[in-house]
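Engineer: the following comprises the amino acid sequence and a computationally predicted model.
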Amino acid sequence: MIFSPTGGTRRVATVFAEALFGEAPAQSIDLTERALNLSLRRFGPEDVCVVAVPVYGGRIPAPAAARLGRMSGGRAKAVPIVVYGNRDYEDALLELYDILSDRGFDCVAALAAIAEHSILHQYARARPDADDRRTLRRFAETVRPRLATAHAPLVLPGSHPYRDAESVPLKPKAGRGCTGCTLCAHRCPVGAIPTADPTITDKSSCISCMRCVSLCPVGARTVSPVLLSAAGYLLKKACAEPKKNQLFLSRELP
Ligand SMILES: Cc1cc2nc3c(=O)[nH]c(=O)nc-3n(C[C@H](O)[C@H](O)[C@H](O)COP(=O)(O)O)c2cc1C
């Protein structure tokens, strides 16, 4: 299950899941689909779910949390993954783990992984790279035997109550080049762009995920370059040092 507006989270999750599942039959659920109704899905103890979401302001995106919160885990095994742009993930992994545990999933391991920053592309550029992919495959090899053993609850970084979910003030706009193709309106995870006039963005529902910017075929959707360079400057120190992918394993029970 993947919430990946601009593809970085999907790249991480795919490498890990392919290595974990091998030849076993698998299917992908796109959590950005507005029509998705996960309450209709039934999971059981024989299922293994890799659930990957990006980090937004140290939390997980609210629509991903809402969609996952309607599931019923049925004691399926799960591996929560948060993917972040080399700044920090704060409470996001704990939040994802809490949701999955509350919904009846049995989380055997958890990952925090890096992908190119989807707003400030100068940070973690081109990650996951070859080294990251090797690491993610190694993590999958470590996790696989754990799927069959009893284990204690995971202990993860983060704290309760979670930090406030703050809206990012960077809201994309369509410029003159917009051809009105409505691709952005159809693919927006929250329906913030009306199909009747895709040059408009509903700022109150936009989550600044940058999907519309990344998929516009003519590059007509952009965010303010002034705000972008200010944000880049503010995060320079926090994002400078390349961070490592992390795997969290629970203690095995006798
Ligand atoms: C609104 C927003 C907020 C973000 N907040 C953070 C953050 O708090 N920490 C961080 O390291 N990266 C942050 N990022 C970067 C994303 O977590 C990262 O690029 C992720 O891979 C994006 O996933 P995607 O490519 O699947 O859309 C943020 C990106 C967006 C769009």
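Structural biologist: Yep, it's here.

Engineer: list the contacts for Ile193?
Structural biologist: Counting by Cβ atoms under 8 Å, 6 or more residues apart in numbering, Ile193 makes contact with 184-185, 200-202, 212. Quick note: C-beta positions are derived from backbone N, CA and C, even for glycine.

Engineer: so which residue is smack in the middle of this structure?
Structural biologist: With distances taken as Cα atoms, centre = their mean, the residue of the chain nearest its centroid is Val53 (1.8 Å).

Engineer: pLDDT on the strand or helix carrying that one, on average?
Structural biologist: Element membership for Val53, per DSSP states H and E: strand 48-54. Mean pLDDT, computed over strand 48-54, is 98.

Engineer: and for stretch 198-214?
Structural biologist: Computed over stretch 198-214, the average pLDDT equals 96.

Engineer: who's in contact with stretch 247-254?
Structural biologist: Contacts for stretch 247-254 (Cβ under 8 Å, 6+ apart): 93, 107-112, 139, 142-143, 146, 149-156.

Engineer: list only buried entries from these.
Structural biologist: Among the contacts of stretch 247-254, those classed as buried by 16 or more other Cβ atoms under 10 Å are 93, 107-112, 139, 143, 146, 154, 156.

Engineer: of the residues you listed, closest to Ser72?
Structural biologist: Among those, Cys107 lies closest to Ser72 (Cβ to Cβ), at 15.2 Å.

Engineer: OK, contacts around the closest one?
Structural biologist: 77-80, 97, 100-101, 153-154, 250.

Engineer: excluding its backbone neighbours, what's nearest it?
Structural biologist: In space, and not counting its chain neighbours, Cys107 is closest to Ala78: 5.0 Å by Cβ to Cβ, 6 or more residues apart in numbering.

Engineer: check Ala174 too.
Structural biologist: Per Cβ to Cβ, 6+ apart, closest to Ala174 is Thr199, 4.1 Å.

Engineer: repeat for Ala17
Structural biologist: Val50 (4.5 Å).

Engineer: what bridges to that neighbour?
Structural biologist: Taking DSSP bridges, one finds Val79 as the beta-bridge partners of Val50.
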